[in-house]
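K.L.:
got a predicted structure plus its sequence, pasted below:
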Amino acid sequence: MTPVFALVDCNNFYVSCERLFNPSLKHVPIIVLSNNDGCVIARSQEAKSLGIEMAIPAFKIKQQIEQHSLRVFSSNYPLYGDISSRVMATLESLAPQVEIYSIDEAFLNLTGFNLLGSLEDYGQTIRQTIGQHVGMPVCVGLAPTKTLAKLANHAAKKYPATASVVDLTDPERQRKLMAITPVGEVWGVGRKNAEKLKRLGIKTVLQLAQMDKASARRQFSILMVKTIEELNGQVRFALDESPAAKKQLMCSRSFSKRLTEYVPLREAICEFAAQAAERLRSGGQVCGTINLFIRTGACEPDEKAYSGSATAKLPTPGSDTRTILKITTDLFDSLWKEGYRYAKAGVMLAELCDPNNVQLDLFSQPSARIDNDGLMSVIDKINQTGRGKIWFGGQRPKRDWFMKQAHLSPAYTTRWDDLPLVN
DNA sequence: TCTGGGGTCCTAGGACCC
DNA sequence: TCTGGGGTCCTAGGACCC
């Protein structure tokens, strides 16, 4: 049976989320900024047409923002996350197998799925259903492999004549599309490898599909070979419905201003460590090691630069904020150096594992293995009803180093006070 | 003044073992 | 003392994704 994968990808996802509850934003140019209002991470079609580039720092386009009355938003992840889960829930009702690939896209496995009409009709059904249930515009690409489905989706976005759905199951159609698509558009071919491929004379996707696999293995990696095979219709990347457990978890931020004093930086680091620990517990995991990094700014060349990183092992894997804070602050004391202007820091929890599957220390007492006094779960429960109700001594949530969010929209769907009103 | 945050996988090279 | 081959494990760095 020929495999059929669909890739459903939301159009300008963050921008579309902002528009859902604010109709005045339709048809006007909008951009959404990264954390700290740093750079552009989403653009409406109108903003793209104005030539606003992806990932450009906001300060560089100040003039364009004023000139074209661009509407600017800070990223609002509680809102985007909630809209995302609604889109995914709708998709789960439309296909037998769904792999949530990112916040705004999902692969469906439609192999052998009994469709009433054509694949293209089903793509339109998906679009209409998500439009009706959530109000989110999406594009759908259909093909025998994930890599080709990605390509089909790209075409559905790029060419209006496709009505946002492209069925790329026909080999002749695959060839035609691959011949006019630059190689850098392929899923898995990034900027570096696209440049390298071009130097080898491979400029289109079709040329990559026809590349000699042995030569691809030599000059790139096994991933490039798999990508070539996928472009030729052979499934090398299967649908993954239940992604593997996380292996590491990070909480890091740039500060809204440089930190030069010991205490505020320590508070920030404690905050990151506590947040990371909370996420660790919410995933039902424990961690074996903790890594801390602190560093100065990268974009001020005349400033004294310092970047420090250190790792420590937990005596036994755990997820207790008290333990994690203690180790993190010890690491901080080993890294801290006076006289620098710190711009960013982060805490990474690694060697994550299932608490029931922990490799025991020969000499550890069972009671010391897992945080079992119940304190953490009580704190988590309380904090679930509103962030930052309870915190530990070293933390100072929402201090002035906290990220800049000058253009934040309301949390329409996740905070009672922000519910939109209908008059 | 101002350039995100959070992940995964692959490879090369070194240490160490037999 | 020198040399060879084969293997594992770990780490750092790089590339990719969104």
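P.N.:
That came in fine, so what should we check first?
K.L.:
contacts and neighbour counts: CA atoms only from here.
P.N.:
Will do.
K.L.:
if you tally nearby residues, what's the number for the residue lying closest to residue A:42 once chain neighbours are set aside?
P.N.:
Distances taken as CA to CA, 6 or more residues apart in numbering place residue A:32 nearest to residue A:42, at 5.1 Å, with adjacent residues excluded. Residue A:32: 27 surrounding residues under other CA atoms under 10 Å.
K.L.:
so residue A:32 makes contact with residue A:47?
P.N.:
No - with contact defined as CA atoms under 8 Å, residue A:32 does not reach residue A:47; the gap is 10.5 Å.
K.L.:
am I right that residue A:347 sits in a strand?
P.N.:
Yes - counting by DSSP: H, G, I helix; E, B strand; the rest coil, residue A:347 is found in a strand.
K.L.:
which non-adjacent residue is nearest the residue of chain A found nearest DNA strand C?
P.N.:
Per CA to the nearest atom of the strand, residue A:190 is where chain A lies closest to DNA strand C, at 3.0 Å. Excluding the flanking residues, the one nearest residue A:190 by CA to CA, 6+ apart is residue A:184, at 6.3 Å.
K.L.:
are we agreed that that neighbour is in a helix?
P.N.:
Yes - under three-state DSSP, residue A:184 sits within a helix.
K.L.:
which pLDDT does the model give it?
P.N.:
Residue A:184 is assigned 96 on the pLDDT scale.
K.L.:
and for residue A:401?
P.N.:
67.
K.L.:
name the next helix or strand downstream of the helix or strand of chain A with the lowest mean pLDDT, please.
P.N.:
Ranked by mean pLDDT, DSSP states H and E, the weakest helix or strand in chain A is helix A:366-369, scoring a mean of 47. Going down the chain from helix A:366-369, the next helix or strand is helix A:375-384, by DSSP states H and E.
K.L.:
quick one: average confidence on that following helix?
P.N.:
pLDDT averaged over helix A:375-384 gives 79.
K.L.:
the strands in chain A, which residues?
P.N.:
A:5-10, A:30-33, A:40-43, A:71-74, A:97-102, A:105-109, A:138-143, A:165-167, A:248-259, A:287-296, A:307-318, A:342-350 (DSSP state E).
K.L.:
where does the stretch 251-400 of chain A have low pLDDT?
P.N.:
A:298-302, A:359-373, A:386-388, A:396-400 (pLDDT under 70).
K.L.:
which bits of it sit near DNA strand B?
P.N.:
A:251-255, A:257-258, A:299-300, A:344, A:346 (CA under 7 Å from any atom of the strand).
K.L.:
if you set the cut-off to 6 Å instead, what comes out?
P.N.:
Taking CA under 6 Å from any atom of the strand as the contact definition, the stretch 251-400 of chain A meets DNA strand B at A:251-254, A:257, A:299.
K.L.:
out of those residues, which end up buried?
P.N.:
A:251-254, A:257 (16 or more other CA atoms under 10 Å).
K.L.:
now, which of the residues you listed lie close to DNA strand C?
P.N.:
Of those, not one also sits near DNA strand C (CA under 6 Å from any atom of the strand).
K.L.:
residue contacts, residue A:411?
P.N.:
A:76, A:78-79, A:418-419 (CA atoms under 8 Å, 6 or more residues apart in numbering).
K.L.:
rewinding a little: looking at the strands of chain A, spot the one closest to residue A:410.
P.N.:
strand A:71-74 (10.6 Å; CA to CA).
K.L.:
what's the most buried one of the strands of chain A?
P.N.:
Ranked by average neighbour count under the criterion mean count of other CA atoms under 10 Å, the strands of chain A are headed by strand A:138-143 at a mean of 29.
K.L.:
give the rounded mean pLDDT of that strand.
P.N.:
For strand A:138-143, the per-residue pLDDT averages 98.
K.L.:
tell me the domain boundaries of chain A?
P.N.:
As given by automatic domain parsing, the domain ranges for chain A are A:5-10+A:80-231, A:13-77, A:248-384.
K.L.:
re earlier: just the buried ones among the contacts of residue A:411, please.
P.N.:
Buried among the contacts of residue A:411 (16+ other CA under 10 Å): A:76, A:79.
K.L.:
flag the shaky bits of the stretch 1-150 of chain A, pLDDT-wise.
P.N.:
For the stretch 1-150 of chain A, counting by pLDDT under 70, not a single residue falls below.
K.L.:
now do 90
P.N.:
A:1, A:23, A:35-36, A:38, A:59, A:78, A:113-116 (pLDDT under 90).
K.L.:
quick one: name the residues of the stretch 151-300 of chain A near DNA strand C.
P.N.:
Near DNA strand C, when you scan the stretch 151-300 of chain A using CA under 6 Å from any atom of the strand, you find A:187-194.
K.L.:
hmm, 7 Å instead?
P.N.:
Residues of the stretch 151-300 of chain A lying near DNA strand C (CA under 7 Å from any atom of the strand): A:186-194.
K.L.:
which ones are touching residue A:340?
P.N.:
Per CA under 8 Å, 6+ apart, neighbours of residue A:340: A:260, A:296, A:304-306.
K.L.:
hmm, back to that, and the residue nearest to residue A:190, how many neighbours?
P.N.:
Residue A:184: 19 neighbours (other CA under 10 Å).
K.L.:
try the one 3 residues further on
P.N.:
Residues lying near residue A:187 (other CA under 10 Å) number 14.
K.L.:
okay, it and DNA strand B: tell me how far apart.
P.N.:
Computed as CA to the nearest atom of the strand, to the nearest Å, the residue A:187 to DNA strand B distance reads 12 Å.
K.L.:
likewise for residue A:411?
P.N.:
Counting by CA to the nearest atom of the strand - residue A:411 and DNA strand B are separated by 18 Å.
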